[in-house]
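Colleague: fold the following.
(2 chains)
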Protein chains: 2
Amino acid sequence: MTNPTAAMLVIGDEILSGRTRDSNMYHLAGELTEAGIDLKEVRVVGDERGTIIAAVQALSTVHDYVFTSGGIGPTHDDITADCIAAAFDRAIDVRDDARAILAEHYVKSGTELNSARLRMARIPDGADLIENPVSAAPGFRLENVHVMAGVPSVFQAMVQSVLPTLTGGAPLISKTLRVDRGEGDIAGPLGDLAEQFPLLSMGSYPFQKDGKYGAHVVIRGNDPDAVDAAIVQLEAIFQ
Amino acid sequence: MTNPTAAMLVIGDEILSGRTRDSNMYHLAGELTEAGIDLKEVRVVGDERGTIIAAVQALSTVHDYVFTSGGIGPTHDDITADCIAAAFDRAIDVRDDARAILAEHYVKSGTELNSARLRMARIPDGADLIENPVSAAPGFRLENVHVMAGVPSVFQAMVQSVLPTLTGGAPLISKTLRVDRGEGDIAGPLGDLAEQFPLLSMGSYPFQKDGKYGAHVVIRGNDPDAVDAAIVQLEAIFQ
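Modeller: Numbers count the residues shown, from 1 in each chain, chains lettered A, B, ... in the order given. Below you'll find the predicted structure:
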């Protein structure tokens, strides 16, 4: 049995210009791994309609799940919702259920629900809303694409709303052994071990500390027994 | 005159599994922006030959420059160099100049240049080496693709080696105004201003502090006078 696969699309000029350091990819990667969903690809694109539509279409065709972050706020450069609608050839307009959520939120905070804020109630036909417990304005799911906010606290809250709706596979088990040798000394034996366990993924991540080289060797796979057996062999080799 | 465009390809299972938080994208984005090169797209893919080759071919066709990070170490999962060679239909083998660099480095440190470490001297035919002042093993440039290490300190050193060889355009000027209002109040006037300055890019990045909403409004463009003029108008609107 193989796990479902996923892709992420990070949307925003501010990431590509180096103004903002994205943290949503790292967060989503960890959550999906725990859920047994294999994140296979991430793309980061700017606020350009044609680019966003093409990326959504490409990724949603190949993967079981797609997750987007960014571009669903009230300003003119927030074009994600319209692009998702276009990618699936759906109509999009302010929807009553989304408007009601915003209206309730802004009444409580004494803020005017003006036309800019109403943009955040634009939802493509046939989409399900994704709850936003932080700042109310919802995300949405259309087909296999989950559209979420770029602000990290909101993104993370939306991911929590979405996770229970996803069908995961076997969570990825990961075990790490620290080896105090240069990666060049680890490579040979590790390559041999990887051949013995073709279903496991093995990687070594070098570090340098106090002038000495070492590496964290990570063995990953869906079968806990196989991961354990490989780690035991690895320890025998390097200890 | 438009700036040259660039794409980045981040390679490594450890990023997609959430084990490692990538920091190379943020670093490269800032450096390219300063150099007047527009980073248009980033892709993150795993250690899979077919995926890497397809991504390199797609990105190198569309953009002036491509930069990769990751997968050029000594272990069996370091397959980037071979994939780049395959993407451009070039032969690849241990090359004398790269081997000489490694040999000198390992003699100094009293480390054996074994067959695993020699993998790092595998360079595609016709590629130029990229200097690595941190740990010697070089990166390389083939056609418009710059192949660099994933370890952040090495990646950053290689970027410094590469930057003087690139032809940049007008650096992106960016000015920021902090506006202590909700993004929904900023959106309308900002959209009008963006229409007045079609060559500038304007974005607002909301924050919440001490229970109050605000946003950093960022105006970007290659023409300093236009950016200044737009910021003056923005200040007049919100002060």
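
Colleague: which ones are touching A:E183?
Modeller: Residues near A:E183 by C-beta atoms under 8 Å, 6 or more residues apart in numbering or on different chains: A:S204, A:P206, A:Y213, A:A215, B:G73, B:P74, B:T75, B:A116. Where C-beta positions appear, they are placed from N, C-alpha and C, glycine not excepted.

Colleague: and if you look at A:G12?
Modeller: Neighbouring residues of A:G12 by C-beta under 8 Å, 6+ apart: A:T20, A:V44, A:G46, A:D47, A:G70, A:G71, A:G150, B:G203.

Colleague: ok, back up a step: as JSON lines, the contacts of A:E183 with neighbour count and pLDDT would be great.
Modeller: What follows is these, written out as JSON lines (neighbours: other C-beta atoms under 10 Å in any protein chain shown; pLDDT from 0 to 100):
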{"residue": "A:S204", "neighbour count": "22", "pLDDT": "88"}
{"residue": "A:P206", "neighbour count": "21", "pLDDT": "84"}
{"residue": "A:Y213", "neighbour count": "19", "pLDDT": "84"}
{"residue": "A:A215", "neighbour count": "26", "pLDDT": "90"}
{"residue": "B:G73", "neighbour count": "28", "pLDDT": "93"}
{"residue": "B:P74", "neighbour count": "25", "pLDDT": "93"}
{"residue": "B:T75", "neighbour count": "24", "pLDDT": "92"}
{"residue": "B:A116", "neighbour count": "23", "pLDDT": "93"}
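
Colleague: among these, which one sits closest to A:R178?
Modeller: Nearest to A:R178 out of those is A:A215 (C-beta to C-beta; 7.7 Å).

Colleague: which SS class is that closest one?
Modeller: Classification of A:A215 by DSSP: H, G, I helix; E, B strand; the rest coil places it in strand.

Colleague: partner residues bridging it?
Modeller: Following DSSP bridges, A:A215 is listed with bridge partners A:V179, A:P206.

Colleague: name the element the residue most central in space within chain A belongs to?
Modeller: The residue lying closest to the centre of chain A (C-alpha atoms, centre = their mean) is A:L28, at 3.5 Å. A:L28 belongs to helix A:24-35 when assigned by DSSP states H and E.

Colleague: pLDDT averaged over that helix - what is it?
Modeller: Computed over helix A:24-35, the mean pLDDT rounds to 96.

Colleague: show me where chain A dips below the pLDDT cut-off.
Modeller: A:1 (pLDDT under 70).

Colleague: one more time with 90
Modeller: The model of chain A has pLDDT under 90 over residues A:1-2, A:76-77, A:108-111, A:135, A:168-174, A:182, A:203-214, A:222, A:239.

Colleague: domains of it?
Modeller: Listed domain ranges for chain A are A:5-165, A:173-238 (source: automatic domain parsing).

Colleague: just to revisit the earlier point, how about the contacts of A:E183 in TSV, adding distance to B:A226?
Modeller: What follows is these, written out as TSV (distance: C-beta to C-beta, whole Å):
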residue	distance to B:A226
A:S204	50
A:P206	46
A:Y213	51
A:A215	50
B:G73	45
B:P74	50
B:T75	50
B:A116	54
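
Colleague: which one of the residues you listed sits closest to B:S161?
Modeller: Distance to B:S161, by C-beta to C-beta, is smallest for B:G73 among the contacts of A:E183, at 17.9 Å.

Colleague: over to the closest residue to the closest one other than its chain neighbours: give its phi and psi.
Modeller: Leaving aside its chain neighbours, B:G73 sits nearest to A:E183 (5.8 Å; criterion: C-beta to C-beta, 6 or more residues apart in numbering or on different chains). Dihedral pair for A:E183: phi -60, psi -30, per degrees, to the nearest 10.
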